[in-house]
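[1] model this:
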Amino acid sequence: MSIIRHISVCGRVQGVGFRAFAEHEALKRHLGGWVRNCRNGTVEAVFTGEAAAVVDAIEACRQGPIGARVDALYERDGTGEDLKPRRPGDVFSVLATA
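    Residues are numbered from 1 along each chain as shown. Here you go, the predicted structure:
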């Protein structure tokens, strides 16, 4: 079963390669979606694909890459609307700061 989940990650998550980490975790699990830094210092991402793979990617984001410190990760069900920022033709997009 395919799902969409939207997450926001708080802590030391910018300037540590978190977006590249999230992209790698998504692509190795064959997930779609996107990731971006937010001006408030968080990282926001949307993952879509098989439920177990999405859960695994989110769990990886709870740890983050070396150098990151995840203080909190908030998640909610996503919608097709949440996928709209993804660039056309991309499976998973690393987007500019919003």
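
[2] Parallel or antiparallel, list what pairs with the strand ranked longest in the chain.
    Taking DSSP state E as the criterion, the chain has its longest strand at strand 2-12. Taking DSSP bridges as the criterion, strand 2-12 pairs within the sheet with strand 43-50 (antiparallel), strand 69-77 (antiparallel).

[3] Ok, which of the ones you listed comes nearest residue 96?
    Closest approach to residue 96 among those (Cβ to Cβ): strand 43-50, 12.0 Å. Where you see a C-beta, it was placed from the backbone N, CA and C, and this is true even at glycine.

[4] Quick one: mean pLDDT for the closest one?
    Averaging pLDDT along strand 43-50 gives 98.

[5] I'd like the next helix or strand past that strand.
    Next along the chain after strand 43-50, taking DSSP states H and E as the criterion, comes helix 51-63.

[6] If you count neighbours, what's buried in that following helix?
    Residues 53-54, 56-58, 60-61 are the ones in helix 51-63 that count as buried (16 or more other Cβ atoms under 10 Å).

[7] just curious, which of those residues is nearest to residue 39?
    Distances from residue 39 to those, taken by Cβ to Cβ, are shortest for residue 61, at 19.5 Å.

[8] Which residues are in contact with the closest one?
    7, 9, 21-22, 25, 45, 70, 73 (Cβ atoms under 8 Å, 6 or more residues apart in numbering).

[9] The longest strand of the chain: how far from the chain's middle?
    Relative to its chain's centre, strand 2-12 lies at 5 Å (Cα atoms, centre = their mean, to the nearest Å).

[10] Would you mind getting the angle between it and helix 51-63?
    Angle, strand 2-12 to helix 51-63, by axes from the mean of the first three to the mean of the last three Cα atoms, to 10 degrees: 0 degrees.

[11] could you check the angle strand 69-77 makes with the helix or strand following strand 2-12?
    With elements assigned by DSSP H and E, the helix or strand that comes after strand 2-12 is helix 18-28. Using the same axes, to 10 degrees, one finds that helix 18-28 and strand 69-77 are set 50 degrees apart in direction.
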